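# what's the 3D shape of this:
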Amino acid sequence: MMQKRSKFEQGLLTVLTVMVVIFFMVPVFWLITTSFKFGREAFSIPPKWLFFDFTLRNYEDVLATSKIGLYLTNSLIVSLGATVLSLVLGVPAGYAIARSGSRALNMSAYFFLLLLMVPPVAMLIPFYLIMRDLHLLGSYASLIILDTVFDAAFVVWMMRSYFADVPREIEEAALVDGASRFVAFWRVALPLSIPGIVASALYVIIFSWNDFLFALMLTSPETKTIPLGILSSFSAVEINWGKMAVMCIFAIVPALFISLFLNRYFIQGVTMGATKG
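Alright, predicted model coming up:
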């Protein structure tokens, strides 16, 4: 009887999982099919999910008339810049807090958690004025710095929890052998924390890649990122849904491949980093 109930529960769980996956994949499926439709069929009633007039015109228009290459390049520059800067600042800071015996320094970690709770729009106007005074408006640097403010705070919080799970005894053995604190960090703690670093880097990449609000206020026509490229599908005359769908696919594919490639490290890093805090 217990075995039958177990099979029933397993079957029910499978059905629920499939339903949830379908629920979340329907918008992606709509996006893909819309990219191959003429404009008149994008919102036809009843919807044409499988049988419609297939066309590649939307892809041809995007590649021929839009600056898709520029948008993707700009997004890549901003994402990599914010990721590198956030890790350079956040990983050592997280290690210092995790290994500090100071109660005040350990409590300071909650400042970074508080920073993550601040609505991004609340930081936008002050940062806009600062970037204007520094003559950085429209540059990659302005967007990278602002993304780093939020991203580095997450990295500090994440890595603090992760380094706390790394046994101190391993580092103490290195210190006894004559290694300095920096060498113990670089050669012992850091290699053991690679999953946490990868998980943090993936979060930063996705956040920076998808950022719209900061990019809208701080970039110039030559530094626009892919979310702003999607916005170009809208005009006062019409909304080109097919072109917008193509732009969205170009925006999704790079982040999707990165996420799939780093998925194993991301799950391990989040799981380990969440055990303490």
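# where do the helices of the stretch 101-250 of the chain begin and end?
For the stretch 101-250 of the chain, applying DSSP state H, counting those that start in this stretch gives helices covering 103-107, 109-117, 120-133, 140-165, 168-176, 181-184, 190-192, 194-210, 213-218, 226-231, 241-273.
# closest to S44 out of the ones you listed?
Nearest to S44 among the helices of the stretch 101-250 of the chain is helix 241-273; the distance by C-beta to C-beta comes to 11.4 Å. C-beta coordinates here come from the backbone N, C-alpha and C atoms, glycine included.
# picking that back up, any idea which of the helices of the stretch 101-250 of the chain is most buried?
Of all the helices of the stretch 101-250 of the chain, helix 140-165 carries the top mean neighbour count, a mean of 24, counting by mean count of other C-beta atoms under 10 Å.
# gap between L175 and D211?
41 Å (C-beta to C-beta, to the nearest Å).
# do the same with W157
Between W157 and D211 the computed distance is 19 Å (C-beta to C-beta).
# same question, F24
22 Å.
# so those two - more neighbours on which side?
D211 (24 against 9; other C-beta atoms under 10 Å).
# and the more buried one, what pLDDT?
Each residue has a pLDDT score; the one for D211 is 89.
# contact partners for the closest residue to it other than its chain neighbours?
Spatially, and ignoring its direct neighbours in sequence, D211 is nearest to D147 (6.2 Å; C-beta to C-beta, 6 or more residues apart in numbering). Residues near D147 by C-beta atoms under 8 Å, 6 or more residues apart in numbering: V78, A82, S86, V204, F207, S208, D211, F214.
# that's a strand at F54, yeah?
No. F54 is assigned coil when assessed by DSSP: H, G, I helix; E, B strand; the rest coil, not a strand.
# okay, now the residue nearest to it when sequence neighbours are not counted: neighbour count?
Residue nearest to F54 in three dimensions, not counting chain neighbours: F36, with 5.4 Å by C-beta to C-beta, 6+ apart. Number of residues near F36 (other C-beta under 10 Å) recorded here: 18.
# what sits against F36?
By C-beta under 8 Å, 6+ apart, the neighbours of F36 are F52, F54, T55, L56, N58, G242.
# the second one and R103, how far apart?
By that I understand F54. 65 Å.
# S100 touches N106, doesn't it?
Yes. With contact defined as C-beta atoms under 8 Å, S100 reaches N106; the gap is 6.2 Å.
# returning to that earlier point: phi first, then psi, for the residue nearest to F54.
phi -110, psi 10 (degrees, to the nearest 10).
# repeat for the one 10 residues further on
With angles defined as degrees, to the nearest 10, P46 sits at phi -70, psi 160.
# mean confidence for whatever helix or strand E9 lives in?
Using DSSP states H and E, E9 sits within helix 2-35. Averaged across helix 2-35, pLDDT comes to 82.
# who are the packing partners of the helix or strand following it?
Sequence-wise, the next helix or strand downstream of helix 2-35 (DSSP H and E) is helix 57-65. Applying 3 or more C-beta pairs under 8 Å, 6 or more residues apart in numbering; DSSP states H and E, one finds that helix 57-65 contacts helix 241-273.
# which residue is the nearest non-sequential neighbour of the residue most central in space within the chain?
With distances taken as C-alpha atoms, centre = their mean, I206 lies nearest the centre of the chain, 1.5 Å away. Residue nearest to I206 in three dimensions, not counting chain neighbours: A255, with 5.9 Å by C-beta to C-beta, 6+ apart.
# hang on, isn't the one you found packed against D211?
No. A255 is beyond contact range of D211, at 11.9 Å (criterion: C-beta under 8 Å).
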